[in-house]
Structures are given as structure tokens and as C-alpha cells.
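**Student:** I'll drop the sequence and a predicted model, then ask my questions.
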Amino acid sequence: MSKPRKPKGRPISGWLILDKPVDFGSTEAVGKIKWLFNAQKAGHAGTLDPLASGMLPIALGDATKTVPYVMDGRKIYEFTVTWGEERSTDDLEGEVTQSSDQRPSEEAIRALLPDYTGVINQIPPQFSAIKIAGERAYDLAREGETVEIPSREVEVHRLTLLKCEADRAFFEVECGKGTYVRSLARDFGRELGCYGHISELRRSYVAPFAEEMMVPLAELVALEAIEDKDERLAALDAFLVDTAEALSALPQLRITEDQAHRLRMGNSIIVRGRDAPVAEPEAVALSGNKLVAIGEIASGEFHPRRVFN
């Protein structure tokens, strides 16, 4: 019987809050970070298009188990809509499909914003990762097919017009999971009768990570010049955010090292103490500052669902 293959790379865990540059794909960025950090596993929390820049949280090692919690978080984007053209991709990359000499007034744009705030119905772009009959919409679009993508509910918490120019307008939006900013630009242009597309897009926030946590890719790549491997990896590791940061919105339970051992073995533990919660559908168990498990508190016991090494 052959021995199981040992994973390549270091078993590190943590989040790297990357400031992704333009013309660099999300998958490409994850691959680069995984290689730089010599990590066993890596994944990202929310794709950014190649033409978009800004916050791309990348999980390394055990932190990949917390990706869904970051995917569900609020996001903030700054974006520019250029008027006069609708494009196949709803951004600068696509071919022009509709055009107009009309340009909207600032008053008309401002009057539009309340209709796009709150829970709204939105049709994702033709070039998107939405699955249609098992196929990605962008694969079908590249083959020249026009597909019917059903509308879906998304939540826009805040939508602000920052500045207007003759041919473009600048916005900031705070939104929930699944919102396509490209669809906002497309729908603005159609409703204003002038067409529009995204010409600039930057993501500045993905809950719970703050903007000041972002690290430019160039700053990380510059560390490749350090010849000593251990010194280079130590310099890179200094940029990692603790895995537990991704779960800061969940109730936290402080436990002993003995309890941590029981949880890591897959066993439940009794929750003691006057202030201990009786029931929580989801909570985090921490031993010191170390993340031990995500689980449920029910009938005075913590039941682990995901355990961390």
C-alpha cells in the first residue's frame, strides 16, 4: 500500500489582504501569492475582474475554511461610468453594442439613485460566472451565445454620486453578496437613455477587513530580492492577518487548552460560566488567541463543525 503523498509547501494559515493591480486576474493573483508564500493551499474571497483593482482577500492554509464568511460580507466599490456606449461585457473590455449622443444631467442621475438602493432585482452581466444549464455564462458569451440570465435579488446598502463630468460620473456603492457593479452601470445607462459602461472599478472594502490592511502586490514581489529563504518568508509572513479575523462578527467563546484538545478530536464540550451563552447557531471557540473551531452552542454545549489545526 503506497503512502499518502505529502502536501507541497508550508502549512501556514492566515489572510493576505492584497491590493490587486489592474490587468491581473484573481486566479493569477492567488497563484502568485501561493507561490510567494510557499503555501500548501490558497483561495480568494470574491473575484475581481482583471480591469478592476483593489481589495482581494486571499486565504492561505486553514484560513480557506473561513472563505464563505468573507464571501458573505459587505463590500465597497468606487466606480466610474462612462456614458454613450453599452458594451458586451458592461465594462471597458467589451465590444460596443449600443451607442448614443445623449448625456444625462446631474439632476437626472441623482433622481435615479433611490431606485437602486435597498433590495433590488438585478440581471447579472452576460460575461459573468453565473451557471446556465451547467455552463458558465461567460463561456457561452465567448462562443457568441446570448443567454437568458434570470434576475435575482441583491442588496445595495448605500449608493453615492461623488462627481459628474460631461461624459462620465463617479460613484461609490456599499453592497451585499452577489451584486454586480457592471450591471448597475448598464442599467443606469439604459434608464437614462444614454447607455453606459464601467470604465474604472476599485474595491476598497470587504468585511471585515479594513482598507488599511491592503498590501500592494509590488511590495510583496519586491521581497523576492531577499536571497535567504527563511528571511524572505519571515518578511512575507509579517503581512498575514490572523485567520480568526475573518470570523470577528461571530460570537466568541474562550476555552482552555484541554477543551481545545477535545474539540480538535471532534468532541463537544460543556459551556460553563454565568455569562456563557445557552444557544448560538454559530460561534467561534478560541484558546488564547488561537482559533480552534467554528460550531454551534446548544443546550449548554459547544458542538464543533469546523476544526482548525
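**Tutor:** Ah, there it is.
**Student:** ok, which stretches of the stretch 1-150 of the chain are helices?
**Tutor:** Listed from the start of the chain, the stretch 1-150 of the chain has helices (DSSP state H, counting those that start in this stretch) covering 26-37, 67-71, 106-112, 137-142.
**Student:** and these: which comes nearest Gly54?
**Tutor:** Closest to Gly54 of the helices of the stretch 1-150 of the chain, according to C-beta to C-beta: helix 26-37, at 11.3 Å. Backbone N, C-alpha and C define where each C-beta goes, glycine included.
**Student:** pull out the buried residues from that closest one.
**Tutor:** The neighbour-count check on helix 26-37 (16 or more other C-beta atoms under 10 Å) flags 26, 29-30, 32-34, 36-37 as buried.
**Student:** who touches that helix?
**Tutor:** Residues from elsewhere that reach helix 26-37 (C-beta atoms under 8 Å, 6 or more residues apart in numbering): 9-10, 12, 16, 18, 20, 39, 41-44, 47-48, 56, 58, 60, 217, 220-221, 223-224, 233, 236-237.
**Student:** would you single out the least confident of the helices of the stretch 1-150 of the chain?
**Tutor:** Considering the helices of the stretch 1-150 of the chain one by one, the lowest average pLDDT is found for helix 137-142, at a mean of 58.
**Student:** drop anything exposed from the contacts of helix 26-37.
**Tutor:** When the contacts of helix 26-37 are checked against 16+ other C-beta under 10 Å, the ones flagged as buried are 9, 12, 16, 18, 20, 39, 41-42, 44, 48, 56, 58, 60, 217, 220, 223, 233, 236.
**Student:** what about the longest strand in the chain?
**Tutor:** In terms of residue count, the longest strand belonging to the chain (DSSP state E) is strand 152-164.
**Student:** just to revisit the earlier point, let's have the helices of the stretch 1-150 of the chain in TSV, adding distance to Ser99.
**Tutor:** Compiled in TSV, the helices of the stretch 1-150 of the chain are given as follows (distance: least, C-beta to C-beta, whole Å):
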stretch	distance to Ser99
helix 26-37	30
helix 67-71	36
helix 106-112	19
helix 137-142	20
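**Student:** to Pro304, which of these lies closest?
**Tutor:** Using C-beta to C-beta as the measure, helix 67-71 is the one of the helices of the stretch 1-150 of the chain that comes nearest Pro304, at 15.8 Å.
**Student:** give me every residue that touches Lys41.
**Tutor:** Each residue near Lys41 by C-beta under 8 Å, 6+ apart is listed here: 7, 9, 34, 60-61, 64.
**Student:** one more time with 6 Å, if that's ok
**Tutor:** Lys41 makes contact with 61, 64 under the criterion C-beta atoms under 6 Å, 6 or more residues apart in numbering.
**Student:** look up how far Ser248 lies from it.
**Tutor:** In this structure, Lys41 lies at 22 Å from Ser248, with C-beta to C-beta, to the nearest Å as the measure.
**Student:** just Ala29 next, same as before
**Tutor:** 24 Å.
**Student:** below-threshold pLDDT in the stretch 201-309 of the chain: ranges please.
**Tutor:** Across the stretch 201-309 of the chain, the ranges flagged by pLDDT under 70 are 274-275.
**Student:** which stretches of it form strands?
**Tutor:** Assigned strands in the stretch 201-309 of the chain, in chain order: 215-216, 252-254, 269-270, 280-287, 290-298, 301-307 (criterion: DSSP state E, counting those that start in this stretch).
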